[in-house]
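Novice: Provided below for reference: sequence and predicted model.
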Amino acid sequence: MIIHSENISVWLVRKWVRLYTMGLPAEDKKTRRDEIDSDLWEQKQDAAGSGNGTGAAWNIFGRLLLGIPDDLSWRMENEKNVQRRASMDLANHLIRPSTYLNLIMVLVGMGILFPIGVAAFVVAVVAAVVPPVLLGTIFIYDKGVVNFGPVAIDTFPAALFVSFIGLVLVLIEIFIANVIVSALRRFVSVRIGNLRIGQTP
């Protein structure tokens, strides 16, 4: 029963430490918990040497109750230190030339990649629409005149020729898509749960 009471007191102290260190940096939490564990170990060793287990349980519980103001004060002081360190880190970043160099590189990259992205989107839309329309010309030419710019497709040979061009373009697109997918599978790896896609040996 004595050991049980001591274990309960230790458990309560550790839970309280976890509660008031919640949200702090991991290093600060570990340092504080290690300090408390060291104090608990010393109290338990003193109790084992004196043979007074009940006294150790009450001492530990008393440390929990009487130490609450100091623990809360430590928490507030630690938060001030965290804010101070964050301010110093921000100041260090602001005075480093590499920070502004990286910012310039990001802005330049955005300026270069944005028009490339717009152009790639336009090309993708055209590639997705034009070849299928050309390929389907042979099925719709007799429903009405089909115009591609100044050229009117109103005969079977003309529709057949246009459809053939559409078929060639579709095959080229499929080939390019396979090349892109193969390159992505070789150089890019994506993991979704237990499923891994890409970089196959």
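Specialist: Sure thing, it's come through. It should be emphasised that the depicted structure is a prediction, and the values quoted were computed from it without experimental measurement.

Novice: Show me how this structure divides into domains.
Specialist: Domains of the chain are assigned by automatic domain parsing as 2-95, 115-197.

Novice: For the ones you listed, give me CSV that also has mean neighbour count and mean pLDDT.
Specialist: Quick note: C-beta positions are derived from backbone N, CA and C, even for glycine. Output for the domains of the chain, formatted as CSV (neighbours: other Cβ atoms under 10 Å; pLDDT from 0 to 100):
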stretch, mean neighbour count, mean pLDDT
domain 2-95, 14, 78
domain 115-197, 12, 79
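
Novice: Show me what the helix of greatest length in the chain is packed against.
Specialist: The longest helix of the chain (DSSP state H) is helix 97-135. Under the contact criterion of 3 or more Cβ pairs under 8 Å, 6 or more residues apart in numbering; DSSP states H and E, helix 97-135 touches helix 156-187.

Novice: Please repeat the previous calculation with a cut-off of 10 Å.
Specialist: Secondary-structure packing of helix 97-135 (3 or more Cβ pairs under 10 Å, 6 or more residues apart in numbering; DSSP states H and E): helix 68-95, strand 146-148, helix 156-187.

Novice: Need these in a markdown table (columns: distance to residue 123).
Specialist: Shown next, in a markdown table, are the helices and strands packed on helix 97-135 (distance: least, Cβ to Cβ, whole Å):
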| stretch | distance to residue 123 |
| --- | --- |
| helix 68-95 | 39 |
| strand 146-148 | 19 |
| helix 156-187 | 11 |
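
Novice: quick one: which of the ones you listed is nearest residue 20?
Specialist: Proximity to residue 20, assessed across the helices and strands packed on helix 97-135 by Cβ to Cβ, is greatest for helix 68-95 (5.1 Å).

Novice: Give me the distance between the closest residue to residue 131 other than its chain neighbours and residue 137.
Specialist: Leaving aside its chain neighbours, residue 131 sits nearest to residue 169 (3.8 Å; criterion: Cβ to Cβ, 6 or more residues apart in numbering). Distance of residue 169 to residue 137, given as Cβ to Cβ, to the nearest Å: 12 Å.

Novice: What of residue 25?
Specialist: Per Cβ to Cβ, residue 25 is found 67 Å from residue 137.

Novice: rewinding a little: so the residue nearest to residue 131 is in contact with residue 128, correct?
Specialist: No: using Cβ atoms under 10 Å as the test, residue 169 is too far from residue 128 to be in contact (11.0 Å).

Novice: Distance to residue 107 for the domains of the chain - can I get that in JSON lines?
Specialist: Output for these, formatted as JSON lines (distance: least, Cβ to Cβ, whole Å):
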{"stretch": "domain 2-95", "distance to residue 107": "17"}
{"stretch": "domain 115-197", "distance to residue 107": "14"}
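
Novice: Could you confirm residue 152 falls within a strand?
Specialist: Yes: with DSSP: H, G, I helix; E, B strand; the rest coil as the criterion, residue 152 is assigned to a strand.

Novice: wouldn't it be in contact with residue 146 here?
Specialist: Yes: if you go by Cβ under 10 Å, residue 152 and residue 146 touch, sitting 7.2 Å apart.
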